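*Asks:* Need a 3D model of the following:
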Amino acid sequence: MPDIRAVVFDFGGVLFDWSAEYLYRELIPDDEERRWFLTHVCSPAWNLKQDGGRPIAEAEVELIALHPDRADLIRAFYGQWPKTLRGLLDDGVALLEQLHAAGVPLYGLTNWSAETYHHVEDKYDFMTRFRHVVVSGRIGMVKPDPRIYAHLLEHVREPAERCVFIDDNAKNAEAASALGLHGITHRSGAETSARLRDLGVAF
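*Replies:* Have a look, this model is predicted:
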């Protein structure tokens, strides 16, 4: 049984209910058109570059040059960003609070733009439970780059094998596992709780 000394949480899909769909359902009612736009214009790959530290203004200029007829829709992605955040995922937050109450050291590791992180930082009580949060946009690295996990471990100050990493993206969880952490692909609070207890985490 591993001696787990820290549990690390991803944010989007685990604690926060975020999706660009929430905004663009209002702006582009047609399902096919909206799907095309979020796949080929304001795509996940485009958004990830901002999560990696690219300035939003630079990203907008570059994309509008390619799609000038969709300039307003492109600007809306960050201009109306709060509408992409529906709220909290209660089961994930409940799990975090249970771990905190049990005295388990908690950390955060999130792919998030440095320019939008202020929308959640210091806005929720549970955010104070973390001993440290690594925000990709602030350090210029994104999951699943191995370097970001190494950066995290510098703050945790525990060997990888004593750390659990929870992420709704299987690739990110698998990347953590490849580096020796115990990666858990999050599907529900109940399932993740069971996995943690299997690893010997008492809460």
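
*Asks:* pLDDT wise, what is the residue sitting furthest away from the middle of the chain at?
*Replies:* Centroid-distance maximum for the chain: residue 69 at 30.7 Å, with CA atoms, centre = their mean. You'll see residue 69 listed with a pLDDT of 97.

*Asks:* pretty sure it is in a strand, no?
*Replies:* No - going by DSSP: H, G, I helix; E, B strand; the rest coil, the assignment for residue 69 is helix, not a strand.

*Asks:* Would you state the strands of the protein in chain order?
*Replies:* Under the criterion DSSP state E, the chain contains strands at 6-9, 16-18, 85-88, 106-110, 132-135, 163-167, 182-185.

*Asks:* Go through these and name the closest to residue 50.
*Replies:* Residue 50 lies closest to strand 132-135 among these, at 12.0 Å (CB to CB). No exception for glycine: its C-beta is placed from N, CA and C like everyone else's.

*Asks:* Check which strands are paired with that closest one and give the direction for each one.
*Replies:* If you go by DSSP bridges, strand 132-135 pairs up with strand 106-110 (parallel).

*Asks:* Could you tell me the angle between the partner strand and strand 163-167?
*Replies:* Here the directions of strand 106-110 and strand 163-167 differ by 40 degrees (axes from the mean of the first three to the mean of the last three CA atoms, to 10 degrees).

*Asks:* what pLDDT, on average, does strand 106-110 get?
*Replies:* Averaging the model's pLDDT scores along strand 106-110 yields 98.

*Asks:* coming back round to it: please tell me how far the residue farthest from the centre of the chain sits from residue 186.
*Replies:* Noted for residue 69: a distance of 38 Å to residue 186, by CB to CB, to the nearest Å.
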